[in-house]
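Novice: Predicted model, plus sequence, below.
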Amino acid sequence: MAYELDIDRRARALSLAGACTVAAMALAVAMGIGRFAFTPLLPLMIRDGSLPQAAGAWLAATNYVGYLLGALTASRLGLSLPTLMRLSLLGTVLSTAAMGAVDGWAAAIMLRCIAGVLSAWTLVATSAWALQHLARAGRSDLAGLVFAGVGLGIAFAGLLCLVTGQAGMPTHEIWLGLGVAATLAIVAPCAVVSRPLATIAVREAAAPAAQAPGRYMGLVICYGILGFGYILPATFLPALAREVVDDPRLFGLAWPVFGMAAALSTIAAARLFHHAARLRVWAIGHVLMAIGVVLPSLSLSPAAIAIAALLVGSTFMVVTMVGMQEARERAGANPARLLGLMTASFAIGQLAGPIASGLIDLLPLGHGAALGLALQLAAAALALSAAYLWRHADRGRSARQAR
């Protein structure tokens, strides 16, 4: 009997490891490659002449719009989570490879929009699928391994672009190479995601009753503020780094370092703060990000920009992970709907950031002063949302204990 129990534990452990691995690989492909590989590739595409300088902003904005559309439609497609994961991953492979096969930035704009839709679908479906299994197994502390996939995908794409770009490889070949890498990486997720996992048998708990929309709208807004606060430094820090660092090899490492910081921080936070109130971890993440966001408006020294990049990179995915966990717990039997709403809120905040920055830039302040004011506005929004989350942390814990 003891031997059988030991075999059962091993099977469950392997099943949990498999669930974490395939979910991390899915997020690495959809987010790290499909969505974020464009950031380090954009200057290389401009260098090659395959994109004009002005096209970068249009492609980024179109991707944000696609991400919003994907978030709004993910739970309305009527597809099961495994089916939605497979469909979006296959689409990500095709849209990534197609970036290397098409000419003209009109086609690139369409593909970036599609990539935004697919990345949102994957994030919603994968988060709902993986967090459901981890919660049933009583191992929510392993969520860090799942969401580390985004950072690892970013680091992989950044290193590949850095190495191939310095070697002079044309960008269309780099896109095709990323497509091949994505193809290999989705084999396991597509094969495993529909299979029943032993984690379900570890601890079946009754699904929590879904809360009325008004009970979680504060969290949805705070998650949107994450998108608003994150997008400004993510957009402008690379350009600021180029102004203060002459060696292109150093600022070329910024994206891989950003990805590794995101990956390691999610693993560490999930392990260290597993028993802490999630909303307090979320609030601390917003405070640290606010410090990173406001720093470049106070100093443009290399140290300030490096610290800002580290603070923003190390908190971005931690807050994403904690926000997705909190939403899944509150969502009841249909987590995809609330996860989609959270993702849509992030996408709206992400769109609002550049718009607010552009409007401030119209004021007679000078570009540097306008950017500084925009960063301070984003930091203030993050700080206010942190205060809201901290205030509601004990209230949310008491409600869970009462259930």
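Specialist: Here it is on my side, so go on.
Novice: can you pull the contacts of Ala308?
Specialist: Shown in contact with Ala308 (C-beta atoms under 8 Å, 6 or more residues apart in numbering): Pro233, Leu237, Gly292, Val293, Leu295, Pro296. All C-beta spots, glycine's among them, are computed from the backbone N, C-alpha and C.
Novice: Go again with 6 Å.
Specialist: Gly292, Leu295, Pro296 (C-beta atoms under 6 Å, 6 or more residues apart in numbering).
Novice: OK, contacts around Trp175?
Specialist: By C-beta under 6 Å, 6+ apart, the residues touching Trp175 are Met99, Gly100.
Novice: ok, now how distant is it from Ala101?
Specialist: As judged by C-beta to C-beta, to the nearest Å, Trp175 and Ala101 stand 8 Å apart.
Novice: Skipping adjacent residues, who's closest to Ala387 in space?
Specialist: Leaving aside its chain neighbours, Ala387 sits nearest to Ala283 (7.5 Å; criterion: C-beta to C-beta, 6 or more residues apart in numbering).
Novice: go on, Ile231?
Specialist: Sequence neighbours aside, Gly353 is the residue nearest to Ile231 in space, at 3.9 Å (criterion: C-beta to C-beta, 6+ apart).
Novice: count of residues packed around that neighbour?
Specialist: 24 (other C-beta atoms under 10 Å).
Novice: Could you check which helix or strand contains it?
Specialist: helix 335-361 (DSSP states H and E).
Novice: Please point out which parts of that helix sit buried.
Specialist: Buried residues in helix 335-361, defined by neighbour count with 16 or more other C-beta atoms under 10 Å: 335-354, 356-357, 360.
Novice: ditto for stretch 158-177
Specialist: Those would be 158-162, 164-165, 169, 171-172, 174-177, for stretch 158-177 by 16+ other C-beta under 10 Å.
Novice: Likewise for stretch 221-231?
Specialist: Applying a neighbour-count criterion of 16+ other C-beta under 10 Å, the buried positions in stretch 221-231 are Cys222, Tyr223, Gly224, Ile225, Leu226, Gly227, Phe228, Gly229, Tyr230, Ile231.
Novice: Let's have those residues in TSV, adding secondary structure, pLDDT and distance to Val287.
Specialist: Listed next are the buried residues of stretch 221-231 as TSV, based on DSSP: H, G, I helix; E, B strand; the rest coil; pLDDT from 0 to 100; distance: C-beta to C-beta, whole Å:
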residue	secondary structure	pLDDT	distance to Val287
Cys222	helix	95	12
Tyr223	helix	95	16
Gly224	helix	95	17
Ile225	helix	95	12
Leu226	helix	94	12
Gly227	helix	92	17
Phe228	helix	93	15
Gly229	helix	91	11
Tyr230	helix	87	14
Ile231	helix	86	18
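Novice: so where's the stretch 301-403 of the chain uncertain?
Specialist: Within the stretch 301-403 of the chain, the segments meeting pLDDT under 70 span 332-334, 366-368, 394-403.
Novice: Which segments of this structure make up each domain?
Specialist: Recorded structural domains for the chain (assignment: automatic domain parsing) are 1-203, 210-403.
Novice: List the buried residues of the helix or strand containing Leu68.
Specialist: Taking DSSP H and E as the criterion, Leu68 maps to helix 55-73. Buried residues in helix 55-73, counted by 16+ other C-beta under 10 Å: 55-56, 58-72.
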